[in-house]
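*Asks:* Sequence and predicted structure below; questions after.
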Amino acid sequence: IPTSITAGILNATQYERIVIVDNSLSMQARVGNESAWDQARLRLTRLTEALASDQSDNTLTLILTSQPDQPQFNGAALNKKSIAEINETIDKLEVSDQAANLDGALKQLQDRLAGEKGNVSRVVYVITDLRQRDWKEGSAGQESPLKTLVDISKVTANCYVVDAGDAEDRNLTVTEIRPEGTLVAGVSSRFDVVVTNQGSSEARDVRIKFGAGDALPLQEDIERLAPGEKQSRSFSFTFSAEEEDAQSALRATLPPRKVKVEVSTAKQGEDDRLPADSVAYYPARIVRGIPALIVDGDPSASFGKSESFYLKRSLSPNGPVPSGVVIDVVTESEMESITLEKYGVIFLCNVYRLGDKTLENIAKLRKWVEAGGGLVIMPGDQVDEAFFNENYYQEGLGLSPLKLENIKGDESEQKWVNLRVDQANHEVLKIFAGQ
């Protein structure tokens, strides 16, 4: 490859200069006060200026790897009249947040050249930071970018690869932001953040900042991160249930919140040459609570007598701190009109049948469970043993993993079980003090 990218130009009358510019995220890697992207644009403008002053009839086709099917210029005249406008456009080009689609860009160019007429000499320039991953062999049945480039060079006057990068590889990345379970407003949620040292040298005193909205960011530290090593840190955060209007209070989900994670080191410019991938975002989708359905097999208007009375209050108690569970209670006969898809958990409490269409409702319940729903069966004195085994157990293939044998306990409810409180001052039990 010549020292100057204008060296080796043939003395011909008409040329199409086809320039593929790698504008992938890695082009933001910095060397001192400059980035590889700054170098790429500088070399490109020097090339266009040299060609505009040339006596030959030059045109410019400029392709970015982020959008190879949408050339920035397509056969635009390169001369003293057009050079100012062309270079102004080049100065405004931006780096994308994607990996380089170098193989796609070269393949599209190869297909295009195969259909072009041969009355114009074509010279191809690829300006890139030469990241190893971009030049690897393609997947099964696909040629490598290098092989495609060699094929392109056979049908063009000249073919150049211009190196805008260097050998430095020190880079820290946020590789994953993962919530542990459903994100519920008002309930502490846990996130795992994974940070990777992509470089070949050790990084020390790595700081991870986790923030959402206007809240003060949380911080965790990693003392040492070896080359190629991944480490994770956990953050606990509580999203508030902010109300935008009266209608939003009726929605089960809240507008997504933006979670922002930043990674830095004490020697930011030395340990991390590419700050662009040291910041990551996660769209946190918040729900008002995990929707749960209780099917009450023995409803009662008397206080404390219905099957759902204590269960509902234990899952979603009144008070200033939400439990993260939203409860609906229905009777057996109301099951037919219920849409199950919105619920994460369903409780069957002492259920005798499931309405007039019991078998259809059981089939609907089975389909919901197969799709990932969590079913809790709480048998009681109303459960028909034979019906349960035939329709819920089904010889071990049904909704219930267990077969019912007989009822045990005090059916007449004459014997009572009492709670003996040994430590009345215990945090869980002190509410019963004096009772």
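*Replies:* Now that the structure is in, tell me what you want to look at.

*Asks:* Strands of the stretch 301-435 of the chain, start to end?
*Replies:* Applying DSSP state E, counting those that start in this stretch to the stretch 301-435 of the chain gives strands spanning 325-331, 345-349, 374-378.

*Asks:* Each with direction, which strands does the longest one pair with?
*Replies:* Yep, that's strand 325-331 we're talking about. strand 290-296 (parallel) (DSSP bridges).

*Asks:* quick check: angle from the partner strand to strand 345-349?
*Replies:* If you take axes from the mean of the first three to the mean of the last three CA atoms, to 10 degrees, strand 290-296 sits at 20 degrees to strand 345-349.

*Asks:* List every C-alpha atom in strand 290-296, with coordinates, as PDB.
*Replies:* The C-alpha coordinates for strand 290-296 follow below in PDB (Å, rounded to 0.1, in the frame of the first residue of the first chain):
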ATOM      1  CA  ILE A 290     -47.400  -8.300  39.500                       C
ATOM      2  CA  PRO A 291     -51.000  -9.000  38.500                       C
ATOM      3  CA  ALA A 292     -52.400 -12.000  40.500                       C
ATOM      4  CA  LEU A 293     -55.800 -13.600  40.400                       C
ATOM      5  CA  ILE A 294     -57.500 -15.300  43.400                       C
ATOM      6  CA  VAL A 295     -60.400 -17.600  42.500                       C
ATOM      7  CA  ASP A 296     -62.500 -17.800  45.700                       C
END
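
*Asks:* Contacts made by it with the rest, please.
*Replies:* The contact list for strand 290-296 (CB atoms under 8 Å, 6 or more residues apart in numbering) reads 182, 184, 252, 306-308, 311-312, 315, 324-332, 335, 338, 340, 342-351, 354. Placement of C-beta: from N, CA and C, glycine included.

*Asks:* before we move on, back to that, dump the strands of the stretch 301-435 of the chain to JSON lines, plus distance to residue 358.
*Replies:* Shown next, in JSON lines, are those (distance: least, CB to CB, whole Å):
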{"stretch": "strand 325-331", "distance to residue 358": "13"}
{"stretch": "strand 345-349", "distance to residue 358": "12"}
{"stretch": "strand 374-378", "distance to residue 358": "15"}
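
*Asks:* any idea which of these is most buried?
*Replies:* Here the criterion is mean neighbour count by mean count of other CB atoms under 10 Å, and of these the winner is strand 345-349, at a mean of 22.

*Asks:* where exactly do the helices run in the protein?
*Replies:* Assigned by DSSP state H, the helices in the chain fall at 36-52, 83-92, 102-114, 145-153, 268-271, 309-315, 358-370, 385-388.

*Asks:* Mind listing what's buried along the second one?
*Replies:* For helix 83-92, burial by neighbour count (16 or more other CB atoms under 10 Å) applies to 83, 86-87, 90.

*Asks:* quick one: low-confidence ranges for the stretch 101-250 of the chain?
*Replies:* Flagging of the stretch 101-250 of the chain using pLDDT under 70 yields the residue ranges 117-118, 138-142, 242-250.

*Asks:* before we move on, back to that, please tabulate the buried residues of helix 83-92 in TSV, including the columns distance to residue 302.
*Replies:* Formatted as TSV, the buried residues of helix 83-92 follow (distance: CB to CB, whole Å):
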residue	distance to residue 302
83	90
86	85
87	84
90	80
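
*Asks:* one step back: now the helices of the chain as CSV including distance to residue 224?
*Replies:* Converted to CSV, these look like this (distance: least, CB to CB, whole Å):
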stretch, distance to residue 224
helix 36-52, 28
helix 83-92, 41
helix 102-114, 34
helix 145-153, 36
helix 268-271, 11
helix 309-315, 44
helix 358-370, 47
helix 385-388, 59
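
*Asks:* ok, the nearest residue to residue 26 once chain neighbours are set aside - contacts?
*Replies:* With CB to CB, 6 or more residues apart in numbering as the criterion, residue 26 has its nearest non-adjacent residue at 5.3 Å, and that residue is residue 131. Contacts were defined as CB under 8 Å, 6+ apart; by that measure residue 131 touches 24, 26, 100, 165.

*Asks:* Buried ones among these?
*Replies:* For the contacts of residue 131, buried by 16+ other CB under 10 Å: 24, 26, 100, 165.

*Asks:* quick one: which of the strands of the stretch 301-435 of the chain is nearest residue 20?
*Replies:* strand 374-378 (52.4 Å; CB to CB).

*Asks:* Please tell me how far the closest one is from the chain's geometric centre.
*Replies:* Taking CA atoms, centre = their mean, to the nearest Å, one finds strand 374-378 lying 32 Å from the centre of the chain it belongs to.

*Asks:* and the angle for that strand with helix 358-370?
*Replies:* Angle of strand 374-378 versus helix 358-370, following the same axes, to 10 degrees, is 130 degrees.

*Asks:* What's the mean pLDDT across strand 374-378?
*Replies:* In this model, strand 374-378 carries a mean pLDDT of 95.

*Asks:* Output it as CSV, nothing but the C-alphas.
*Replies:* Presented in CSV, the C-alpha positions along strand 374-378 are these (Å, rounded to 0.1, in the frame of the first residue of the first chain):
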residue,chain,number,x,y,z
GLY,A,374,-47.7,-19.7,37.8
LEU,A,375,-50.6,-21.7,39.3
VAL,A,376,-51.2,-22.2,43.0
ILE,A,377,-53.7,-24.9,44.0
MET,A,378,-55.0,-24.7,47.6
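
*Asks:* partners of that strand in the sheet?
*Replies:* When DSSP bridges is applied, strand 374-378 pairs with strand 345-349 (parallel).

*Asks:* how far does the strand it pairs with sit from the chain's center?
*Replies:* 32 Å.

*Asks:* 35 is where my numbering starts, stick with that
*Replies:* Fine by me, first position is 35 from now on; the one you just mentioned is strand 379-383.

*Asks:* can you list the residues that contact it?
*Replies:* Contacts for strand 379-383 (CB under 8 Å, 6+ apart): 324-332, 341-342, 345, 374, 399, 402, 407-412, 414.

*Asks:* Let's see that with 7 Å instead.
*Replies:* The contact list for strand 379-383 (CB atoms under 7 Å, 6 or more residues apart in numbering) reads 324, 326-331, 341-342, 345, 374, 407-412.

*Asks:* pLDDT value on the residue most central in space within the chain, please?
*Replies:* Against the mean C-alpha coordinate of the chain, by CA atoms, centre = their mean, the closest residue is residue 316 at 6.5 Å. The confidence metric pLDDT takes the value 95 at residue 316.
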